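>>> Give me a 3D structure for the following:
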Amino acid sequence: MLVRMVKMTFRDEAIETFKAFFEERKDKIRNFEGCTHLELWQDNQQHATFFTYSHWRDETALTHYRNSAFFRDTWQQTRQMFATKAEAWSVKQVAILP
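Prediction:
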């Protein structure tokens, strides 16, 4: 399993637009082949900063998603709302504590 985290900071006036856009697309992202989990987080202090947290079967599944027309369209529209460049990490779980 691969965990993908993406940090995005939006212009203040784009926050509600982004939230609505994510709501519209979240099921298609989550149901994309190889995606097994999807969450959207918002920073408590910096309300314009959001994180997506997703689980992918493997690097190949994530790459397939990132090369899809759906991702390209989604990312193009999302990018237009950014205040700063997004940051992304692909990581693997090392330990989970109950």
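>>> can we go C-alpha only for contacts and neighbour counts from here?
Fine.
>>> Report the buried residues of the helix of greatest length in the chain.
Assignment by DSSP state H gives helix 15-30 as the longest helix of the chain. For helix 15-30, a neighbour-count test (16 or more other Cα atoms under 10 Å) marks Ile15, Phe18, Ile29, Arg30 as buried.
>>> which other helices and strands contact that helix?
With contacts taken as 3 or more Cα pairs under 8 Å, 6 or more residues apart in numbering; DSSP states H and E, helix 15-30 sits against strand 35-42.
>>> List the neighbouring strands of the strand it packs on plus their orientation.
Sheet pairing for strand 35-42, assigned by DSSP bridges, gives strand 49-56 (antiparallel).
>>> most centrally placed residue in the protein?
Closest to where the C-alpha atoms of the chain average out (Cα atoms, centre = their mean) is Thr52, at 3.6 Å.
>>> Pull the contacting residues for it.
Arg4, Met5, Val6, Lys7, Leu38, Glu39, Leu40, Trp41 (Cα atoms under 8 Å, 6 or more residues apart in numbering).
>>> now those residues: which count as buried?
Arg4, Met5, Lys7, Leu38.
>>> If we only consider those, which is nearest to Ala86?
Lys7 (5.6 Å; Cα to Cα).
>>> Are we agreed that the closest one is in a helix?
No - per DSSP: H, G, I helix; E, B strand; the rest coil, Lys7 lies outside any helix segment and is strand.
>>> ok, and the closest non-adjacent residue to it?
Sequence neighbours aside, Phe51 is the residue nearest to Lys7 in space, at 4.5 Å (criterion: Cα to Cα, 6 or more residues apart in numbering).
>>> To what extent is the one you found buried, counted in neighbours?
19 (other Cα atoms under 10 Å).
>>> what comes up buried for stretch 55-66?
In stretch 55-66, counting by 16+ other Cα under 10 Å, buried: His55, Trp56, Ala61, Leu62, Tyr65.
>>> I figured the third one was touching Asn31, is that so?
This means Ala61. No - judged on Cα atoms under 8 Å, Ala61 makes no contact with Asn31 at a distance of 12.0 Å.
>>> and Gly58, what does it touch?
Actually, residue 58 is Asp rather than Gly. So Asp58 contacts Met1, Leu2, Gly34 (Cα under 8 Å, 6+ apart).
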